[in-house]
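Enquirer: 3D model of this:
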Amino acid sequence: MMGLRGLWLSATRSPSLTLLLALSICWIGVLRHNQHPTAGGPLHATSDATSNARRSLESAAPGNYHLPRNFSWTIFVTPQGFVGEADKVQRRAIMSWKKLVPPPHIVVMGVGDRLEEVSTELGLEYSQELDLNFVLMPLAGSLLQHAQSYPTDVSVIINSDVILTQSFVSAIAQVGGLFADWFMTGARLDLKELPQQHDPSRTGFSDSAFTDYARTHGVLHTAGGVDYFAWNNQRSGARTKLIHGVMPPFIRGKSKFDNWIVHEVIQAGYRETVDATEAAVAVHVAHGYKSADAQVAVGAEGVKQGASFWMSNKKRDWQIYHNMNLAVMFGSYQNQDGTSLHSQYKLTMCLDRIGSHMCAQRRVRAGVCPCEHHVFAMQTQNDPTIVEVKSGTRKSNIVKCGAISSDDGKYTIPATTLAGRPQVLGLPFTLKDLLPMVAPGNHVILTGVSYNYRDMLMNFVCNLRRLKLFDSLVIAAWDEEMYKWGFQMGLPIFYYQTDVDIDSRVDLAYGSKEFRKVTKLKSQVALEILRMGYDVIWTDTDIAWLQNPLPMLAAMESDFVIQSNAPSSEVDANGPLRINSGFYRIRSSPIAIAGLEAVVQHAATSRLTEQPSFYLVLCGGKEGRFKHGTDACTFKAPPRDGGYGENGETELEVQFLDRNQYPNGATTELSGDKRKYWDIPDVRNHPDALVILHNNWITGVSSKVGRMVEQQMWFYARDEMVCRYEPDVRFDFNWIKQYPNEVPAPKAVK
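Expert: Numbers count the residues shown, from 1 in each chain. Predicted coordinates:
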C-alpha cells in the first residue's frame, strides 16, 4: 500500500489526487475525534405522523439529564415588513416553525409594516421592546439580551426567511442530552426555487418529503454564513453566560455580527459549541436582497448570489461598515473566525447495528480544514477547486475550499472630510444626510451632547424608544469623540464642527466655561435646521419624557413655545430671565426664524450662556418690556419691508409652557404637600399627569443620574450597552463611583 507521503508526492502532480487527498484528510481527521453516540429514532417526521415525531424526540436522548423531555423553546425573529415578496417568504418560514413538534413559542420583534397585524393573525407574540438604529434596523446586542432573559428552556435566534424541519428540533434534543450548557449553530441549504408541493404553508405538507428534496436539490451555503443560533437558556433555574463582556450594538442582517458571536462564545468557554449543519436541515429559498442603494439584487445563479452580494456591499453600505468597525474594536474576533467549522463538536448522522442516529464528533483542530464543510453535501456554494501555484520553476496543485473575503481595512470611523475629498460610504454623516432619513414629517427632535454626557444621551434615547418614538431624532455631537461613539451606537448623529474648542472629558457643570461654550451651539444648530424647512423641538438630554409631547406641542397655536424656569414660588412663569432654553418647540415660519436669529446674534456677543439671551431678546430686556399676562411675551422683529412671511408679520407671540405639565426642577405639585416633583416618590405616576420633567436646578452628571435612578427614569444599561424595557426598571449601581470626576452631591442652583 502506498504510504501517505507517497500519496502526497503523487498528488502534487495530479489535480484529481490532490482533491481526493485533501477531502480524505479532512474526513479522516474528524473520524479520529472522540464520538458521543446517542440512540434515537428517525431524523425527521412527516406532517401526518405527529405521534412518531414525539416518540422520536423522547427516544432521542434516553440519558438526558440536562434538557427536560418536554422542553420549552422560543424563536426570536426580526422580520422585514410583511409586504410584497417579503410577506410570502417570511410567512412560509414561520409556518414551517409552527408545524414542528413540540411547537416553539415565536416572538416577533422590531418595527415594520404589518408586523403587529400578521403576528396577531398567526398567533405570535409581538414586541417593539428592541433597540433599533435610526433607519429602524434591529440591534443584535439588544436582541441577544432579550432572548437570554426570556423564561424558556431553549432560545433560538434565526433569520426570518429560513425554513426549519423536524431535524432541527431533534438536533436540539440531542445536543441538550449531551451537554449541560451548549450553543448550536450551522449552515443552511439554499434552494433556487421551491415547488408548490413542498411549501410549508400548504395543507398536507410533508416534512420528510421536503427534507429529502432539500438534501438532494439544495446547495450548501458557505460555513461563514450563519442563519441561526440556539442555546440552552436556563438550567435548574440558573443561567450560564454566553460570552465574556458584552455584545456591542451590531446591526442585525448587516454582516459580521453572526461570526463575531460564534467566535466569542467559543473563546469564552462557558459552553460546548456544536455545528449542526450535517444533522439539522435549515433551508433558504432564493429571493431578492436590498442592496446599499436600495436596489433589489438577485444573481443569475439565484442561490449563488449571496456571497458576492455581501462582499461587494462592504464598500458601499455604511451599515456593513458600522459592523466591521465593531468587530475590529470589540472582542478578539479576526477575519474568517467564527464559522460553523470552528465549533468544537459536529453533530452528524451515524450508522451502527441499531440503525441511523445522530452523534456528536469532537473536532481536535476546529476550523483548520475548510474542505470538511463540503464532503457530505451533494452541491455546495463553493465547491473545492484545484489551484496551481508556482515556486520557482516548480509547479504544485493545492486545494482551495470556500470563498475568502478580504478585510484588510482598519474600519476607523471618519469624523471629518478633507477639503475637496468626497465622503466615503456616505460618512461622516452630515446634517443634510440625516434629515431626509429621520424626519419624513418635516419635524425634528434635536439635542446635542459632548462625550462626557454620552450616558445621559443614551438614557434619553432609551426613553424615546420606550415611548415608541423611533424617528425624528437628530443629535449634534459637540466633539469628535462623541460623534464616533454615537456612530457605533447606531445613533442619528453628526459632528457639528465649529471654531469652539470643547474638552470632551470635562463635566458641563451649570455656569462653567465649557457649559457657556456649548449652550451657544444649541440655538445655532436649531436655526440651521429651521432654515432648511423643518420644525424643531429642542430638548436637553437631562429631561425625562413621561409621555409623548409631540401631538400636544403641534396643537399649540404659537409658533414658539418654551419652558419656564421659574420656581412655583413665583406667580409669573414669564418673570425676569425665567425662560429655560432646554426645551422648546419652534416652527419654521419666517417670523419664528427671525426671533431665533436675533437670539443667536445676541448670544454671540454675550459672556453668559445662551439662556439669558432668549429672555432678553424675546421678552424685551431683563425688565420684560414685551411680556404680557403671566405666561407669554411678544417678540418685536427687526423692521423689514413687507414684514415676515406671506402675511407680513412683525410680531411673534412666545408662549410659556404650563409649569405643571412641563415642570422644571424647582416646580412643586399643584396639591397635596406641595413638594418638588423630583422629591415625590414614583413621580412618573403622579396625578398631575406630567408630560416632561426637567432634571435641572441641580449640578453634576452624577447628581442628575442619581435622581433618575431613584425615580426609575434611568433606562440605559451601561454595562450591557442596551436599553431596558421593563415597566419598573431598577438599577443598583453607584452613580457617584460611575462618574468620579463629577460633583458628588446635589447642589441647588438657579
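
Enquirer: tell me who's in contact with Ile537.
Expert: Ile537 makes contact with 443-446, 549-550, 553, 583-585, according to Cβ atoms under 8 Å, 6 or more residues apart in numbering. C-beta here means a position set from N, CA and C on the backbone, and glycine is covered the same way.

Enquirer: now do 7 Å
Expert: For Ile537, the set of contacting residues under the criterion of Cβ atoms under 7 Å, 6 or more residues apart in numbering consists of 445-446, 553, 585.

Enquirer: and what of His694?
Expert: Contacts of His694 were listed using Cβ under 7 Å, 6+ apart, and they are 543, 563, 580, 582-583, 663-665.

Enquirer: how about Val274?
Expert: Residues in contact with Val274, defined by Cβ under 7 Å, 6+ apart, are 175, 182, 184, 343, 345, 347, 360.

Enquirer: one more time with 8 Å
Expert: 175, 179, 182-185, 343-347, 360.

Enquirer: now do the helices in the stretch 501-650 of the chain.
Expert: Counting by DSSP state H, counting those that start in this stretch, the stretch 501-650 of the chain has helices at residues 513-531, 550-555, 590-604, 611-618.

Enquirer: most tightly surrounded among the ones you listed?
Expert: Ranked by average neighbour count under the criterion mean count of other Cβ atoms under 10 Å, those are headed by helix 611-618 at a mean of 24.

Enquirer: gap between that one and the chain center?
Expert: Here the centre of helix 611-618 is set off from its chain's centre by 40 Å, with Cα atoms, centre = their mean, to the nearest Å.

Enquirer: quick one: Leu67 and Trp231 touch, right?
Expert: No: contact criterion Cβ atoms under 8 Å: Leu67 and Trp231 do not qualify, at 11.1 Å.

Enquirer: before we move on, the earlier item: farthest-apart pair in the contacts of Ile537, please.
Expert: For the contacts of Ile537, the farthest-apart pair by Cβ to Cβ is Leu446 and Leu553; their separation is 13.2 Å.

Enquirer: my guess is Thr216 contacts Met378, does it?
Expert: Yes: the criterion here is Cβ under 8 Å, and Thr216 meets it with Met378 at 6.3 Å.

Enquirer: joint contacts of Leu67 and Trp231?
Expert: Val154.

Enquirer: got a list of what Asp383 touches?
Expert: Applying Cβ under 8 Å, 6+ apart, we find Asp383 in contact with His374.

Enquirer: distance check, the spatially closest residue to Arg659 that is not a sequence neighbour against Trp231.
Expert: Counting by Cβ to Cβ, 6 or more residues apart in numbering, Arg659 lies nearest to Thr667, which is 5.0 Å off, once chain neighbours are set aside. According to Cβ to Cβ, to the nearest Å, Thr667 stands 49 Å off from Trp231.

Enquirer: let me know the pLDDT of the residue nearest the centre of the chain.
Expert: Most central in the chain under Cα atoms, centre = their mean is Leu139, positioned 1.2 Å from the mean C-alpha point. Model confidence at Leu139, expressed as pLDDT, equals 98.

Enquirer: for the stretch 151-300 of the chain, which segments count as strands?
Expert: Counting by DSSP state E, counting those that start in this stretch, the stretch 151-300 of the chain forms strands over residues 154-158, 162-164, 182-185, 189-191, 219-220, 228-232, 272-275, 282-285, 289-290, 296-297, given from the N-terminal end onward.

Enquirer: indicate which one of these is closest to Val474.
Expert: strand 289-290 (24.1 Å).

Enquirer: how about the contacts made by Ile413?
Expert: 325, 427-428, 483-484, 487-488.

Enquirer: among these, who's most crowded?
Expert: Using other Cβ atoms under 10 Å as the neighbour definition, the contacts of Ile413 reach their maximum at Tyr483, which records 26 neighbours.

Enquirer: element containing it, please.
Expert: Tyr483 belongs to helix 480-488 when elements are defined using DSSP states H and E.

Enquirer: pull the residues that contact whichever helix or strand comes after that helix.
Expert: Next helix or strand after helix 480-488 toward the C-terminus (DSSP H and E): strand 493-495. Applying Cβ under 8 Å, 6+ apart, the contact partners of strand 493-495 are 415-416, 428-431, 433-434, 474-477, 479-480, 482-483, 486-487.

Enquirer: if we use 7 Å, what do you get?
Expert: The set of residues external to strand 493-495 that reach it, using Cβ under 7 Å, 6+ apart, is 415-416, 428-431, 434, 475-477, 480, 483, 486-487.

Enquirer: out of the strands of the stretch 151-300 of the chain, nearest to Val262?
Expert: Closest of the strands of the stretch 151-300 of the chain to Val262 is strand 182-185, at 5.8 Å (criterion: Cβ to Cβ).
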